[in-house]
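S.K.: Build the 3D model from these lines:
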Amino acid sequence: MPQLDPFIIYTVKLAMDYKSLEQYKSTNMIETNNENSNILYPEAMSRIMTIKTWSHLNEGHTPKLSKDNILSLLYYADKQWVKSTIDLNKMIDKNNQDTHPVEDAVEHVHRQQQIYFDTLHLLHNIVLPNKTQPRFNEPIWFAAQVLHSQCQIRHLESFTDQLYPLASYLYESLDNLRVKILCVVQQQQHELSHLSKKNKNESLFRSIMSSISNIYKNKDTNPSQLLSILTPHLTVFLRHWIRFEKALYECYVQTVFGKRHRCLIVERNNPKQSISHREMQFNKIQNNLPAQLFHDTFTQLLPLTLERAINLNIISVGVIQSLDPIGFVAIPRLAILAGVTWLSHLTGWRRINHDTLPIWLSSQQDHLIKIIHSLNQLESILLQTPSEDAPHTFVKTYHSLEQALVSGRSDGSPDLEKDIFIYICTMADSILTSIHAQSFNVVLWHLFKHFGLQFDNDMEEEDAVLIEECIMRLSI
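M.R.: From the prediction side, this is the model:
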């Protein structure tokens, strides 16, 4: 099963953001005085974001909103989504010259779409509890909407013919799932109505309602017959979502890295073991970790950093299992590097006014500023270099920096990389010489213990799980 280093995702995002910024500057210089430069924007967004609607239930037959009834959550999430698209169309029909209300209405549709997909993710966890699925990201769905509406995705124009059919399959599979969910909601309301008429005794009816509610509360029981009706439709939707997301992702990588993009895909070392087994394995590690030890902006990076280090053979499983001192020194260093790059969305350290550093690093604010300043310079070189090899060189530079942080040697590195290496080592190693050293070593001991127990000698060369899954779960 192929997977991509999450740092590749970070590099792709950097390059795409830069291209968009340069494109905006270029367009702005040419069309600064053109009042009609965005004249098609409202109509295009209305066409893209409008979804099919069906007759919702009559008043009195609608489900009562309850967190224990996933069908009620889906019903109202769908209803609010539809309403947001209607509000958008009304806003556009007013022909208001002020674009701010339209932009607010578009943003509201985006929020409602994410709410719906988050609710759909809850349904997935109930109906298919043994199949791990990351959170559905709304931008993936919006990309499918754009393509399905005969429009193109910025920077991926040349891939339109390749992506369009996948987007349409995804779009249609969601429509089918939405219709089926509404039918199941209607069936549920019909059954509840029948029970209420049959059982006039109020206490008996309350007992029945309570037992129905418990079906949704108890995650260990099999899904009810009503929910199981949705299983084939949800499975089809998942299949098309995964295919489209993977294709979209690969197109972005190819756009940034060109012909060399395929060498960035890492094949899993043990194809015999199923993906679901590996995912369940890493989920078990996560669940067993003491939550009180991994809750701040630094310690939450440690499991993700260690997982990636094992996947990419930066650190061997043997080092973790034997509690080798190399692991205790290297993982904090790698975590700081991750916290300012591919996991910066969790830490917020790249923001100008980020939160106070956790207690482990509270005295290292100056070094963090130096790391970010040097990293900004390194990334600027990447973005401003027109060569197709520049992104690939940037990734190689990052991997070399990681190896240096583990080995403790940066011989022969350029000055900028050496500066980053020194600042990170100073910042991370300060933890092991501070008054908090013993407490932090306890955190690392728990982390290594749980990882080590999950990888016996026959599984040392094996990956655990897609790192994107962990990132998504911590990002929710």
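S.K.: any idea how far the closest residue to Arg239 other than its chain neighbours lies from Ala167?
M.R.: Residue nearest to Arg239 in three dimensions, not counting chain neighbours: Ser173, with 7.9 Å by Cβ to Cβ, 6 or more residues apart in numbering. C-betas here are computed from N, CA, C, even on glycine. Distance, Ser173 to Ala167, by Cβ to Cβ, to the nearest Å: 11 Å.
S.K.: who's more crowded, these two?
M.R.: Ala167 (24 against 20; other Cβ atoms under 10 Å).
S.K.: Leu147 is in contact with the more buried one, correct?
M.R.: Yes: assessed by Cβ atoms under 8 Å, Ala167 is found in contact with Leu147 at 3.7 Å.
S.K.: Contacts only, for Trp342.
M.R.: Shown in contact with Trp342 (Cβ atoms under 8 Å, 6 or more residues apart in numbering): 6-7, 9-10.
S.K.: run the last query once more with 6 Å
M.R.: 6-7, 10 (Cβ atoms under 6 Å, 6 or more residues apart in numbering).
S.K.: Secondary structure class of it, three-state.
M.R.: coil (DSSP: H, G, I helix; E, B strand; the rest coil).
S.K.: And the strands in the stretch 101-250 of the chain, which stretches?
M.R.: Assigned strands in the stretch 101-250 of the chain: none (criterion: DSSP state E, counting those that start in this stretch).
S.K.: could you measure Ile126 against Leu174, distance?
M.R.: According to Cβ to Cβ, Ile126 and Leu174 sit 18 Å apart.
S.K.: who's more crowded, the two?
M.R.: Leu174 (22 against 15).
S.K.: Once you drop chain neighbours, what's closest to the more buried one?
M.R.: Nearest one to Leu174, counting by Cβ to Cβ, 6+ apart, is Phe237 at 5.8 Å.
S.K.: Pull up the per-residue confidence for the one you found.
M.R.: We note a pLDDT of 96 for Phe237 in this prediction.
S.K.: burial of it, as a residue count?
M.R.: 24.
S.K.: How about Pro129?
M.R.: There are 12 residues near Pro129, going by other Cβ under 10 Å.
S.K.: hey, which helix is longest across the protein?
M.R.: When the chain is parsed with DSSP state H, its longest helix is helix 160-198.
S.K.: roughly how far is that one from the heart of the chain?
M.R.: 24 Å (Cα atoms, centre = their mean, to the nearest Å).
S.K.: Point out the other elements, helices or strands, that it touches.
M.R.: helix 70-93, helix 138-148, helix 231-257 (3 or more Cβ pairs under 6 Å, 6 or more residues apart in numbering; DSSP states H and E).
S.K.: Could I get those in TSV, plus columns for distance to Glu43?
M.R.: Listed next are the helices and strands packed on helix 160-198 as TSV, based on distance: least, Cβ to Cβ, whole Å:
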stretch	distance to Glu43
helix 70-93	7
helix 138-148	14
helix 231-257	25
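S.K.: Can you check which of these gets nearest to Ile315?
M.R.: helix 231-257 (25.1 Å; Cβ to Cβ).
S.K.: intersection of neighbour lists for Ser173 and Ala167?
M.R.: Counting by Cβ under 6 Å, 6+ apart, nothing touches both Ser173 and Ala167.
S.K.: Could you check how far His100 is from Ser84?
M.R.: 17 Å.
S.K.: what helix or strand is the residue lying closest to Gly327 once chain neighbours are set aside on?
M.R.: Spatial nearest neighbour of Gly327, excluding adjacent residues (Cβ to Cβ, 6+ apart): Val319 at 4.9 Å. Assigned by DSSP states H and E, Val319 belongs to helix 317-321.
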